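>>> sharing a sequence plus its predicted fold:
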There are 2 protein chains.
Amino acid sequence: MDSSSPSDGPSAVVIGVDYGTLSGRAVVVRVSDGVELASAVHVYPHAVIERALPSSGQLLPPDWALQVPSDYVDVLKVAVPAALAASGVSPEQVIGIGTDFTACTVLPVLADGTPLSELPEFADNPHAYVKLWKHHAAQSHADRINAAAHERAEPWIARYGGKLSAEWALAKGLELFENAPEVYARAEHIVEAADWIVWQLTGDYVRNACTAGYKEVRQGGQYPSSEFLEALNPGFGGFFRDKIEQPVGELGDRAGGLSAEAAGWTGLPEGIAVAVGNVDAHVTAAAAQALDPGQMVAIMGTSTCHVMNSDQLGEVPGMCGVVDGGIVKGLWGYEAGQSAVGDIFGWFIDSGVPQSYRDEAERLGLGMHEYLTSLAAEQAVGQTGLIALDWHNGNRSVLVDHTLSAVLVGQTLATTPEDVYRALLEATAFGTRTIVEAFKNSGVPVTELIVAGGLLKNELLMQIYADVTRLPLSVIGSDQGPALGSAIHAAVAAGSYPDVRTASASMGRSRPAAYLPDEGRAQAYDALFAEYALLHDYFGRGGNDVIHRLREIRRVAVER
Amino acid sequence: MDSSSPSDGPSAVVIGVDYGTLSGRAVVVRVSDGVELASAVHVYPHAVIERALPSSGQLLPPDWALQVPSDYVDVLKVAVPAALAASGVSPEQVIGIGTDFTACTVLPVLADGTPLSELPEFADNPHAYVKLWKHHAAQSHADRINAAAHERAEPWIARYGGKLSAEWALAKGLELFENAPEVYARAEHIVEAADWIVWQLTGDYVRNACTAGYKEVRQGGQYPSSEFLEALNPGFGGFFRDKIEQPVGELGDRAGGLSAEAAGWTGLPEGIAVAVGNVDAHVTAAAAQALDPGQMVAIMGTSTCHVMNSDQLGEVPGMCGVVDGGIVKGLWGYEAGQSAVGDIFGWFIDSGVPQSYRDEAERLGLGMHEYLTSLAAEQAVGQTGLIALDWHNGNRSVLVDHTLSAVLVGQTLATTPEDVYRALLEATAFGTRTIVEAFKNSGVPVTELIVAGGLLKNELLMQIYADVTRLPLSVIGSDQGPALGSAIHAAVAAGSYPDVRTASASMGRSRPAAYLPDEGRAQAYDALFAEYALLHDYFGRGGNDVIHRLREIRRVAVER
């Protein structure tokens, strides 16, 4: 068999299922060339539970974000058959299914995988539900974890940029242990939703190397020690041993065969390959043909997630994590992120634009983002007279500080909405450059930027990123990157390709070097980036801690 | 005669004429009690000439602002008779007329007062026209003046907070000397419009103590020396001696009697008292009954002008000026200012508000300022999480830097328009507190704030100013403060009152202590003001000169 060709003939297809924050999408993909034949979306009936528990109406504190696990199964029951029907493909042609998920999204379950939230005695206990990635109520637990890790000089902390996130399993686990001991005691596993959905498909529980590494602190096959856990809270020492430990599968491995029950839900043949679970951002690298060392993938939507393979192991300050095989087997997988990108642009427009802008955009048949972008595109670099810090939702990398907020310098009475809009576009590019430079300065080269996600449609934004980072910028060739990436992993799990990189070469899609940096603009941006960096350090590294003091003043004012 | 009663019986009236930036307003005022009987406005036909000279269409450079002197005479011809007719008062009851003007607004004239712009040979020369206060093209001249003044340790510079403004007569005169020597040579006087209009009324040229001190650097009866002027440019040494020097009248003095020609224009009796010229801001102090030492008058509109009398002579850093008798005879008159206040709020709204806000404001029958104010009024101090620097049009006092621009710190994705609106209201209050503290720290006590101008209608803004400054805040009782102030000066010039303070007591109007600081809010504002002060010094005093660098980057970008 030619290693670049699929093993199952031209008619074979795979299913990729992408579990997002509000819905799940199933895509039917041809194994031979990655063509997407059809797709279907199922919106989670319970969406994100942030205010009150549906079962009892019990109000939730701020920063909570829960989900209901049956919503995920519904995607298998609804979206997969719908996509298959729309594709015109017969079920027998389907040779595998792969999934990707938000992370760290975790739930407590019984030994057989039954979610505790489905037990009558826990239906009214919010801690028994899925804690979604953006559940942020465990910040104080994360703060204690990080303080203890540094105090004890734990070797793994540098692999996470010096800080574990409040979103991750250890903080959420400690929150559960301390705030809901009855749920913690009853939980026989605390499982990533990425793995739980695979468990539902196969009947077997296999952890995936990606979330195990990034979200559960697995390094060199080891988790943090019981001594460390006991130092956090006596009695917590068994967290990893009792709740987390489970055989780990590499990405692209076959987790098992489709169970009879799941075959019934999906209409797919029993026994076909089910790929080991994956994470939405990381799986996109395969879809974007960006698996080589130095190819940094930026999945740009409401926020941005950066993933990159490298053959170099570096300790990058403030990165989210580095995991052996975290993206593909055999390379170090890095992750970093910006906690708001498209959300900033959306917030700006939602905050209001002049009536004359609405009228003109309507006349031109443009959305407001398109219209403001068209105005901003006419400006030379530096013409706005503005510089912004892109911290409207905190800073995920390099400062790793969710309590930061944004800064805008340079407004005059002549400052226009398109000036501010462009300054915000640029600010997010400066944020990406800050991350790229942190990698380079830690001995981890970055040679190319590959963009996936909804924002790649904004050509001005793409050119700004190329100019600001001085990197060639490629874009993914699919609107459904994560689902396509999951399908690629399904094809590998089914044995159609020998590994993910080979499958990516055939099934992935990208426009290489679609945007190249312009030297004149890049030089002009160097001067602006120097200003960004100065303000970044002044406001972000304690030169003036006004942002934190304002937050505290605000907290007191609201409580008063 | 009782000194608190007018000398001309209950039927006597005076006319106050307020010359603003876009129009002149005449008010008929009863001498006995200051009641405003009627008023009329005449809009200047040529408005402000900023783009092209009407005579030739010749384009003007940026920062230019010219006016046409005949527009001022038209106010006498149109608005004065109209106001008189509307009042039902017979012309014989009018015993005096007083005027106030924007400043420093200057024009070159012949010995008889004929404006050079009215000579055919100069009709196409923009330098021959009135240079309005906001003509900002002489900044480089002002910079040289200030550098030379400090280098030579000129004693008068400290009386102007260490810096003369580009708006003032010396900078505008040097601009004329260097850029239009033919106009400079032909000018037999360079005269303040405040004095030129009095000249038109009386036929005699008398300078007023106010502009002579604040705008033409007259201190202790002396102007800057010829040696200093020669150091600026050889040949410029005669500027004050040849173009400016003229007998100076104190405020409230009689400049002369109404000429036959002016009686014809106005319909007023020939020979009635014409008061010495005045400045709109300074004359308002009399209308607001705020002439005692420590009573700081803030005329709050698009920008804010602060004027205050004191028995203490202090050298306040960055004040606009201190002049003996600059507001009333016998006290030191201080002036300071904020270069944008209402303009900032207007700019914010013009930049756009959400459609839902427009709809709700319309439903409630509120203007957008009123609606945003109503939302902002519901917030506790500090609840916005924001702090702003109010430098959208530079900083007039204490930093005296027109090239500064604004800063906003603390935005999040949850930041609302009313959050920003309130932060901007507060920022201008912090700007006023910065000025008040500069006075106090220089040994010039400030004990009360008296607000005049359009913004006094915003009760939230007034309360914020009281809370932020910890001063009792009074408001003027007239919508036409400058014109009423001019009328008060007319009554004094006519001999109805022995002096301006006595006339002010009878004819002025105020609501004393209409707003008092709340101790709880004042304490909360102390914390926010500390943050404002820190950012003020960091961005304004060279801690980080990013604002100036952004302006330079912008200049280069626009020119490229």
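Nice, thanks for sending it over. Keep in mind it's a predicted model, so treat the numbers as computed, not measured. Numbering: from 1, shown residues only, chains lettered A, B, ... in the order given.

>>> mean confidence score for stretch A:261-279?
In this model, stretch A:261-279 has an average pLDDT of 98.

>>> I misspoke; the intended subject was stretch A:67-84.
98.

>>> likewise stretch A:346-356?
97.

>>> may I see the buried residues of that stretch?
Neighbour counts using 16 or more other C-beta atoms under 10 Å in any protein chain shown place A:347-353 of stretch A:346-356 among the buried residues. Bear in mind the C-beta positions are built from the backbone N, C-alpha and C, glycine included.

>>> remind me which residues of chain A are low pLDDT?
A:1-9 (pLDDT under 70).

>>> state which helix of it is the longest.
Ranked by residue count, the top helix of chain A under DSSP state H comes out as helix A:417-441.

>>> and the strands in the stretch 151-300 of chain A, which stretches?
A:189-192, A:207-208, A:248-249, A:254-257, A:273-275, A:295-300 (DSSP state E, counting those that start in this stretch).

>>> where along the stretch 201-350 of chain A do the helices fall?
With helices called from DSSP state H, counting those that start in this stretch, the stretch 201-350 of chain A shows them at A:209-214, A:226-232, A:260-266, A:280-287, A:342-350.

>>> got a list of contacts for the second one?
Same thing as helix A:226-232. A:144-145, A:148-149, A:152, A:154, A:174, A:236-241 (C-beta atoms under 8 Å, 6 or more residues apart in numbering or on different chains).

>>> same deal with the third one?
Surrounding helix A:260-266, the residues in contact under the criterion C-beta under 8 Å, 6+ apart are A:15, A:73, A:76-77, A:80-81, A:84, A:97, A:200-203, A:258, A:268-271.

>>> make a PyMOL selection of the buried ones in these.
Remark: buried members of the contacts of helix A:260-266, expressed as a PyMOL selection using 16+ other C-beta under 10 Å:
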select buried, chain A and resi 15+73+76+77+80+81+84+97+200+201+202+203+258+268
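
>>> ok, back up a step: ranking the helices of the stretch 201-350 of chain A by burial, who's on top?
Counting by mean count of other C-beta atoms under 10 Å in any protein chain shown, helix A:280-287 has the highest mean neighbour count of the helices of the stretch 201-350 of chain A, with a mean of 30.

>>> so that one versus strand A:295-300, what angle?
130 degrees (axes from the mean of the first three to the mean of the last three C-alpha atoms, to 10 degrees).

>>> give me the distance between the most centrally placed residue in chain A and A:A530.
Central residue of chain A (C-alpha atoms, centre = their mean): A:A281, 4.6 Å from the mean position. Plainly put, A:A281 is 30 Å away from A:A530 if you go by C-beta to C-beta, to the nearest Å.

>>> hmm, back to that, export the strands of the stretch 151-300 of chain A as JSON lines, with columns for distance to A:S339 and mean neighbour count.
Output for these, formatted as JSON lines (distance: least, C-beta to C-beta, whole Å; neighbours: other C-beta atoms under 10 Å in any protein chain shown):
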{"stretch": "strand A:189-192", "distance to A:S339": "21", "mean neighbour count": "26"}
{"stretch": "strand A:207-208", "distance to A:S339": "24", "mean neighbour count": "28"}
{"stretch": "strand A:248-249", "distance to A:S339": "28", "mean neighbour count": "21"}
{"stretch": "strand A:254-257", "distance to A:S339": "31", "mean neighbour count": "21"}
{"stretch": "strand A:273-275", "distance to A:S339": "29", "mean neighbour count": "30"}
{"stretch": "strand A:295-300", "distance to A:S339": "13", "mean neighbour count": "27"}
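
>>> out of the ones you listed, the one nearest B:E360 is which?
strand A:295-300 (33.9 Å; C-beta to C-beta).

>>> what residue in chain A is the furthest from its centre?
Relative to the chain centroid, chain A (C-alpha atoms, centre = their mean) has A:L413 farthest, 39.0 Å.

>>> how close does that one get to chain B?
5 Å (C-beta to the nearest C-beta, to the nearest Å).

>>> is it true that that residue touches B:I344?
Yes - here A:L413 reaches B:I344: they are 7.3 Å apart, a contact under C-beta atoms under 8 Å.

>>> what is in contact with those two at once?
Contacts common to A:L413 and B:I344, judged by C-beta under 8 Å, 6+ apart, are B:392-393.

>>> A:S32: neighbouring residues, count only.
Applying other C-beta atoms under 10 Å in any protein chain shown, we find 18 residues neighbouring A:S32.

>>> now the one 4 residues further on
A count of nearby residues for A:E36, using other C-beta under 10 Å, gives 20.

>>> A:W156 too?
18.

>>> so what sits opposite the residue of the stretch 151-300 of chain A found nearest chain B in the bridge?
Among the residues of the stretch 151-300 of chain A, A:M300 lies closest to chain B, at 16.4 Å counting by C-beta to the nearest C-beta. Note on A:M300: beta-bridge partners by DSSP bridges are A:T304.

>>> span of stretch A:202-213 from start to end?
End-to-end distance for stretch A:202-213, by C-alpha to C-alpha, to the nearest Å: 22 Å.

>>> just how off-centre is it within its chain?
17 Å (C-alpha atoms, centre = their mean, to the nearest Å).

>>> repeat for stretch A:544-560
29 Å.

>>> okay, it in CSV with CA atoms only?
What follows is stretch A:544-560, C-alpha atoms only, in CSV (Å, rounded to 0.1, in the frame of the first residue of the first chain):
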residue,chain,number,x,y,z
ASN,A,544,1.6,50.4,38.1
ASP,A,545,-0.9,47.9,39.6
VAL,A,546,-3.8,50.2,38.9
ILE,A,547,-5.8,47.6,37.0
HIS,A,548,-5.9,45.3,40.0
ARG,A,549,-6.7,48.1,42.3
LEU,A,550,-9.5,49.3,40.1
ARG,A,551,-10.9,45.7,40.2
GLU,A,552,-10.7,45.7,43.9
ILE,A,553,-12.4,49.1,44.1
ARG,A,554,-15.1,47.9,41.8
ARG,A,555,-15.6,44.7,43.9
VAL,A,556,-16.1,46.8,47.1
ALA,A,557,-18.3,49.3,45.3
VAL,A,558,-20.6,46.6,44.0
GLU,A,559,-20.9,44.9,47.3
ARG,A,560,-21.5,48.1,49.2
